[in-house]
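*Asks:* 3D model of this:
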Amino acid sequence: MATRETQTKILEAAISLFNEASASRVSSNRIAEAAGISKGNLHYHYASKEEIIFDIWNQMEAEIRNWSDDEISPTIDHMAWMTLRQYRLIWRYRFFYQELNILLENDPELKFRFNQVRRQRMDKVFRFFKALAKAGVLKPGLTDDQLHNLIRVSWIVSDFWLSFARVEEDTVDMTTMQEGYQLILQLLKPVMTDAALQAIPDSLQLFSVAPPEEPAINP
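*Replies:* Numbering: from 1, shown residues only. Next comes the predicted model:
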């Protein structure tokens with residue numbers, strides 16, 4: 001079996017196990033067993049569980065960097081799609097967000113890379129918000145500080161909404177994601193124009209059916 005094919009099997013097995021039981025409770029032996037390979041073969045590719053987690057982050061980072069320049073589509077519909085896209089990523093790698101502080105504290109390089117990507121994404125989201133204002137979606141006169149604060153609060157909701165929801169529910173569906181989007185809208189409604197507020201019902205339709213090219217979101 002080719003090296004990358006084996007690594008992919010290891011990563012997929014690890015993601016599934018970590019999501020089910022948390023990274024701290026899953027041993028390398030369990031990952032090897034779930035991947036259908038020997039422990040020695042696993043250690044040939046990854047010397048430690050920390051290396052597996054770091055490569056999972058590499059996979060996450062590649063997905064994030066592949067996202068388009070959102071500011072070219074400053075609409076309510078695109079903002080809804082951005083939220084859905086983010087929630088699907090968080091759900092697929094939910095262990096990472098649920099154990100975020102511990103994982104970052106245990107790996108300074110991972111913490112550096114995570115913060116680097118987050119800063120870059122926040123810069124892109126800021127440009128998107130500026131484009132929303134220019135397009136008449138947000139009310140005129142908002143300062144850069146106000147936009148940054150809106151982004152930070154909406155970011156907190158985005159990153160931790162699914163973890164919050166799972167306290168009561170073991171699985172996440174499109175309704176759960178729509179509820180998270182509505183929380184973000186609630187933050188933005190006071191600074192949205194009347195025309196943008198009227199467009200909200202249409203944007204909610206994106207959460208009625210999962211995009212066909214995406215994997216199922218229930219485990």
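*Asks:* got a list of what the residue of the chain most remote from its centre touches?
*Replies:* Distance from the C-alpha centroid of the chain, by CA atoms, centre = their mean, peaks at residue 40 (32.5 Å). Applying CB atoms under 8 Å, 6 or more residues apart in numbering to residue 40 gives no contacts. Where C-beta positions appear, they are placed from N, C-alpha and C, glycine not excepted.
*Asks:* tell me the pLDDT at it?
*Replies:* With respect to pLDDT, residue 40 scores 94.
*Asks:* one more: residue 172?
*Replies:* pLDDT for residue 172: 81.
*Asks:* now do the one 10 residues further on
*Replies:* Reading off the per-residue confidence, residue 182 sits at a pLDDT of 93.
*Asks:* now the one helix or strand it maps to: buried residues?
*Replies:* For residue 182, the element it lies in under DSSP states H and E is helix 174-188. For helix 174-188, burial by neighbour count (16 or more other CB atoms under 10 Å) applies to 176, 177, 178, 180, 181, 183, 184, 185, 188.
*Asks:* want to throw the residues you listed into TSV with distance to residue 207?
*Replies:* Shown next, in TSV, are these (distance: CB to CB, whole Å):
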residue	distance to residue 207
176	9
177	6
178	4
180	9
181	6
183	13
184	12
185	12
188	16
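*Asks:* list the residues that contact the closest residue to residue 138 other than its chain neighbours.
*Replies:* Excluding its sequence neighbours, the residue lying closest to residue 138 (CB to CB, 6 or more residues apart in numbering) is residue 132, at 4.9 Å. By CB under 8 Å, 6+ apart, the contact set of residue 132 is 74, 79, 138.
*Asks:* of those, which is the nearest to residue 49?
*Replies:* Residue 49 lies nearest to residue 79 out of the contacts of residue 132, by CB to CB, at 37.0 Å.
*Asks:* okay, now that closest one: neighbour count?
*Replies:* Here the number of neighbours of residue 79 (other CB atoms under 10 Å) works out to 27.
*Asks:* after the host helix or strand of it, which helix or strand is next?
*Replies:* Under the criterion of DSSP H and E, residue 79 resides in helix 76-92. Sequence-wise, the next helix or strand downstream of helix 76-92 (DSSP H and E) is helix 94-98.
*Asks:* need the contact partners of the helix or strand following that next one.
*Replies:* Proceeding N to C from helix 94-98, the next assigned helix or strand is helix 100-106, under DSSP H and E. Helix 100-106 is contacted by residues 23, 24, 50, 53, 96, 110, 111, 114, 159 when judged by CB under 8 Å, 6+ apart.
*Asks:* run the angle between the helix or strand following helix 100-106 and helix 76-92 for me.
*Replies:* Later in the chain than helix 100-106, the nearest helix or strand by DSSP H and E is helix 108-134. Angle of helix 108-134 versus helix 76-92, following axes from the mean of the first three to the mean of the last three CA atoms, to 10 degrees, is 160 degrees.
*Asks:* list the buried residues of stretch 193-213.
*Replies:* Buried residues in stretch 193-213 (16+ other CB under 10 Å): 193, 196, 199, 200, 203, 204, 206, 207, 210.
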